[in-house]
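Engineer: Give me the fold of what follows.
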Amino acid sequence: MSSLGIILLLIIFIFVIDYPNIFIPIILIIGGVLFIKIKHTQDQLIKKEKEAIEAKDRAWEKYKEIKSQVDFPIETYIVYYKEGDVNILKGNLQMWVQDGTLCFFPFVTSIDEIIDMEEKVSLVQILIDDIEHYFLKSDNSTVLNYRKKGKSYSMFFAKNDFFKFKKLLPEKIYCNRDKEITV
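Structural biologist: Predicted coordinates for the structure are as follows:
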């Protein structure tokens with residue numbers, strides 16, 4: 001504590017000794033008000049933490065419910081979705097081909113923030129016939145281009161996901177002058 005603080009405490013202590021009928025009630029009132037204020041603030045923090053935990057639990061249950069409605073094959077690939085035209089959760093997605101359709105579903109291991117489950121967690125299906133191609137972009141992104149109802153869409157994935165697309169969709173790789181793209 002600084003010397004000014006010590007001097008201030010000594011002055012208050014002297015006034016308490018000289019005028020106990022005035023300063024003791026004032027100190028008790030100030031102490032009581034501070035105690036109530038601190039207690040109220042702590043209660044609010046605990047309430048907010050509890051609400052956040054409950055919201056995450058509800059989101060996790062909703063995710064499990066949506067996931068239980070999806071028919072996953074035995075073999076899926078995990079790809080990292082960076083951005084694109086699809087309204088799906090960014091991050092890890094499960095990817096597989098089933099019945100002539102390329103499918104994506106969010107792969108969530110934990111929920112650290114509140115996620116709009118209705119908007120961002122869903123099964124995305126793209127007909128393989130609608131896929132134009134995929135390629136490795138110069139900024140080290142794997143790009144998937146496809147058309148749906150006459151409109152072009154793109155999805156951007158991590159560089160390493162190129163090989164996963166190559167395993168699932170070898171016929172849709174973008175070729176430049178009959179040379180295959182290598183990473």
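Engineer: Which residue ranges of the protein form helices?
Structural biologist: 3-18, 20-68, 117-120, 161-168 (DSSP state H).
Engineer: Domain parsing of this structure, as residue ranges.
Structural biologist: 3-66, 73-172 (automatic domain parsing).
Engineer: any idea of the mean pLDDT in the last one?
Structural biologist: In this case it means domain 73-172. The average pLDDT for domain 73-172 rounds to 88.
Engineer: quick revisit: tabulate the domains of the chain (TSV), appending mean neighbour count.
Structural biologist: C-beta coordinates here come from the backbone N, C-alpha and C atoms, glycine included. As requested, the domains of the chain are exported to TSV (neighbours: other CB atoms under 10 Å):
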stretch	mean neighbour count
domain 3-66	11
domain 73-172	15
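Engineer: I'd like the helices of the chain as JSON lines, with distance to residue 143 appended.
Structural biologist: Converted to JSON lines, these look like this (distance: least, CB to CB, whole Å):
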{"stretch": "helix 3-18", "distance to residue 143": "63"}
{"stretch": "helix 20-68", "distance to residue 143": "27"}
{"stretch": "helix 117-120", "distance to residue 143": "21"}
{"stretch": "helix 161-168", "distance to residue 143": "9"}
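Engineer: so which of those helices gets nearest residue 78?
Structural biologist: Of all these, helix 161-168 sits nearest to residue 78, with 8.2 Å by CB to CB.
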